[in-house]
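1. pasting the structure only:
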DNA sequence: ATGAAAGCGCTAACAT
DNA sequence: ATGTTAGCGCTTTCAT
């Protein structure tokens, strides 16, 4: 029913008494149409409720004005759904439509299937918003030539030859930990996310960086491994740390959900945050300001990553179309921001006032 | 160079020494191809890395195997991003691709623009996952004939003549409030969401239903109006209630984020939940079990709404294609589920044990 | 079992 | 300023 019987350009042409080519000119705002014809055609178009067929246009032109977004369903549980929002908005305002593909198991590789779909749709370019997990980027290294269209990777290790837009996770981890150090804490633990995620590893490196700046060489027992991105991981991780690292004064958690789990452990054990241990999270979830206590965290310009990536993709597409030489692939890195709240009050203030 | 130079069906035909129609038959698993030809063609296809052009296929066929999802960007802040996931997964496993459109201002009507895009793309059907706010459904009532393709509305008031998939928000509100009543609470407040959202109004009606079952006629001051969906609304709302309704024993909040804000107020005023007031939320966010105290709430089969809607849409599309009579539009309603946690412990238990 | 021809709706190139 | 022609890549009759 959808394709059948829809008004076509020929109907408009017949009804307006012009050729279909002239109608095409009107639709596409080409010059060289007399005002009289223009008005006549436009009148017929709106009277008949004509809508040009993007599929036919796509077939005949060299550009599809269509871009593919691949994301993992994980993205939609947390704040990262906003990345897709950023991409979609920027795409739309540049005249692109988007098609969305979701990976259910981003660790493994149903990659090929999804890319084949994008190729079949003849998208102009791809935003690969799937987190880098384990070896799930390897397909691209081996098959990049097959793809033959611009692709931007989000939140990926910036390999040479790839276009990457990402926040600086390592810097974020460093800032978070330095904040704790500056507030007087020295025994600082880390609750890890899944170790096969690149972003999780980077955040841990940032934690290490900060500690070594202060001449501290972290021991294994300061890290709670085997984590997830969810509160249950924070709960288990905090319990581990309290047991294996009893002198702990503060903890940096791989994201805010994990921090929430760590907060829960305090209430279970009758401990207080930040008096018994301070916490800094990562992501700045909307609700982090409402945790008890409110959570110090690293702000993540998550929707900006999406819009920036799309803008960059548009540039690459334009360059290919015009045959211009493309600037070599590179990495765009956004900088995270520390948001200070109650969960990391300076040690001295706590000592002095004894206040929450 | 997405379209240029891609291998076409003719290339495969030439290389295999058959006609392009035969290749087409192979691609589409039609019978009447000799085994020998089949194998030959398949070999050439994989050797040359050929991927059929979905755009060309779409143009010539009566179906696009493409569906449009419209959502508001609000959806992606909260749990409702999962609706889109549900739609996408179900669509994919039925051979559909999806194109995603986002409304930035779901209250107003950029509706027409988005629908025109879907029409231009010649989608087979539409999932309208935009919340019903104010009068933003009116376009459909006035223009349904224009659309001429199946459309499923999510989380909408089930008007006759519309296909709707929704959870029963009113029932959810009732269950939540009945739970509080059964646990011995009688002075039960309500923190409203945005009153122009249909879902928010339904949840309030559920609260009223439950109260009147117990012979209670709620007063105006039991409701905190002017809410948002976010914790700040819960904070303001709870403060209002404590001031204007001091005998309050319990509160039902329009969603879990609001509940989080209401929890925050307790800690600010030195009150305890559930001892000073019990709380029940709505949505069952992943992290609700980790709030302090853990939050009793209404579980929302949010991804099921999406997949069910997509399945229903597929049925409608098939019916239109085969020219069969379509079952009249109607409403599919999913039932919410009470999840009991600490924030609503029975009054008696609290009295007896004095425990959190 | 396979091929030839027509056409989906549109735009680009070349007339006029 | 407007029309004619050809063709994008594929599927669908209809032949053979």
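-> Done, it's in. Note that the coordinates shown come from a computational prediction; the quantities given were computed from them, not determined experimentally.

2. from residue A:258, how far off is the nearest residue to residue A:103 once chain neighbours are set aside?
-> Closest residue to residue A:103 apart from its sequence neighbours, by C-beta to C-beta, 6 or more residues apart in numbering or on different chains: residue A:72 at 4.7 Å. Quick note: C-beta positions are derived from backbone N, CA and C, even for glycine. Distance of residue A:72 to residue A:258, computed by C-beta to C-beta, to the nearest Å: 18 Å.

3. repeat that for residue A:289.
-> For residue A:289, the distance to residue A:258 equals 17 Å [C-beta to C-beta].

4. repeat for residue A:76
-> Distance from residue A:76 to residue A:258, by C-beta to C-beta: 18 Å.

5. what's the answer for residue A:89, then?
-> 29 Å.

6. who's more crowded, residue A:289 and residue A:258?
-> Comparing residue A:289 with residue A:258 by other C-beta atoms under 10 Å in any protein chain shown, the one with more neighbours is residue A:258, at 32 against 19.

7. thought the more buried one was touching residue A:231?
-> Yes: contact between residue A:258 and residue A:231 holds when scored by C-beta atoms under 8 Å: they sit 6.9 Å apart.

8. up against DNA strand C, what does the stretch 1-150 of chain A have?
-> A:3, A:6, A:8-10, A:20-21, A:24, A:27-28, A:52-53, A:56-57, A:59-61 (C-beta under 7 Å from any atom of the strand).

9. low pLDDT regions in the stretch 51-200 of chain A?
-> A:107-109 (pLDDT under 70).

10. closest residue of it to DNA strand D?
-> Of all residues in the stretch 51-200 of chain A, residue A:60 sits closest to DNA strand D, at 3.2 Å by C-beta to the nearest atom of the strand.

11. next one: phi and psi at that residue?
-> phi -90, psi -20 (degrees, to the nearest 10).

12. could you check the distance from it over to residue B:302?
-> Counting by C-beta to C-beta - residue A:60 and residue B:302 are separated by 41 Å.

13. higher neighbour count, those two?
-> Per other C-beta under 10 Å, whichever of residue A:60 and residue B:302 has more neighbours is residue B:302, with 23 against 9.

14. contact partners for the spatially closest residue to the more buried one that is not a sequence neighbour?
-> Counting by C-beta to C-beta, 6+ apart, residue B:302 lies nearest to residue B:82, which is 4.7 Å off, once chain neighbours are set aside. Contact analysis of residue B:82 by C-beta atoms under 8 Å, 6 or more residues apart in numbering or on different chains lists A:76-77, B:302-303, B:306.

15. point me to the helix or strand that includes residue B:82.
-> Assessed by DSSP states H and E, residue B:82 sits inside helix B:81-93.

16. run through who's touching the helix or strand following that helix.
-> Remark: after helix B:81-93, the chain's next helix or strand is strand B:97-103, criterion DSSP H and E. Contacts with strand B:97-103, where a contact means C-beta under 8 Å, 6+ apart, come from A:69, A:84-85, A:88-89, A:92, A:97-101, A:117, A:121, B:54, B:65-73, B:84, B:87-88, B:91-92, B:110-111, B:114, B:117-118, B:121, B:123, B:130.

17. whichever of the residues you listed end up buried, select them in PyMOL.
-> Only the buried members of those enter the following PyMOL selection, criterion being 16 or more other C-beta atoms under 10 Å in any protein chain shown:
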select buried, (chain A and resi 69+84+85+88+89+92+97+98+99+100+101+117+121) or (chain B and resi 54+65+66+67+68+69+70+71+72+73+84+87+88+91+92+111+114+117+118+121+123+130)
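
18. also near DNA strand D: which of the contacts of strand B:97-103, exactly?
-> Answer for the contacts of strand B:97-103 near DNA strand D: none qualify (C-beta under 7 Å from any atom of the strand).

19. that older thread, in a markdown table: the contacts of residue B:82, plus distance to residue B:204 and secondary structure.
-> As requested, the contacts of residue B:82 are exported to a markdown table (distance: C-beta to C-beta, whole Å; DSSP: H, G, I helix; E, B strand; the rest coil):
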| residue | distance to residue B:204 | secondary structure |
| --- | --- | --- |
| A:76 | 28 | helix |
| A:77 | 28 | coil |
| B:302 | 20 | helix |
| B:303 | 25 | helix |
| B:306 | 25 | helix |
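
20. what about whichever residue of the stretch 251-356 of chain A sits closest to chain B, how many residues nearby?
-> In the stretch 251-356 of chain A, the residue that lies nearest chain B is residue A:290 (4.0 Å; C-beta to the nearest C-beta). Residues near residue A:290, counting by other C-beta under 10 Å, number 24.

21. residue contacts, it?
-> B:231, B:234-235, B:260-261, B:263-264.

22. looking at those, which has the most residues close by?
-> Top of the contacts of residue A:290 by neighbour count (other C-beta under 10 Å): residue B:234, with 33 neighbours.

23. got the contact list for the residue nearest to the spatial centre of chain A?
-> Central residue of chain A (C-alpha atoms, centre = their mean): residue A:83, 4.1 Å from the mean position. By C-beta under 8 Å, 6+ apart, the contact set of residue A:83 is A:71, A:75, A:129, A:154, A:302-303, A:305-306.

24. check which element follows the one helix or strand residue A:257 maps to along the chain.
-> Element membership for residue A:257, per DSSP H and E: helix A:256-269. Once the chain leaves helix A:256-269, the next helix or strand it forms, by DSSP H and E, is strand A:278-280.

25. tell me what whichever helix or strand comes after that following strand is packed against?
-> Next helix or strand after strand A:278-280 toward the C-terminus (DSSP H and E): strand A:297-299. Helices and strands touching strand A:297-299, by 3 or more C-beta pairs under 8 Å, 6 or more residues apart in numbering or on different chains; DSSP states H and E, are helix A:169-182, strand A:337-339.

26. name the residues that touch strand A:297-299?
-> So strand A:297-299 is contacted by A:172-173, A:175-176, A:256, A:259, A:280-285, A:288, A:336-339, A:341 (C-beta under 8 Å, 6+ apart).

27. swap in stretch A:320-336?
-> A:62-63, A:149-150, A:158, A:160-169, A:171-172, A:175, A:298-301, A:304-305, A:308-309, A:312, A:316, A:319, B:1.

28. what subset of those residues is buried?
-> A:63, A:149-150, A:158, A:162-169, A:171-172, A:175, A:298-301, A:304-305, A:308-309, A:312, A:316.

29. burial of residue A:242, as a residue count?
-> Close neighbours of residue A:242, defined as other C-beta under 10 Å, add up to 20.
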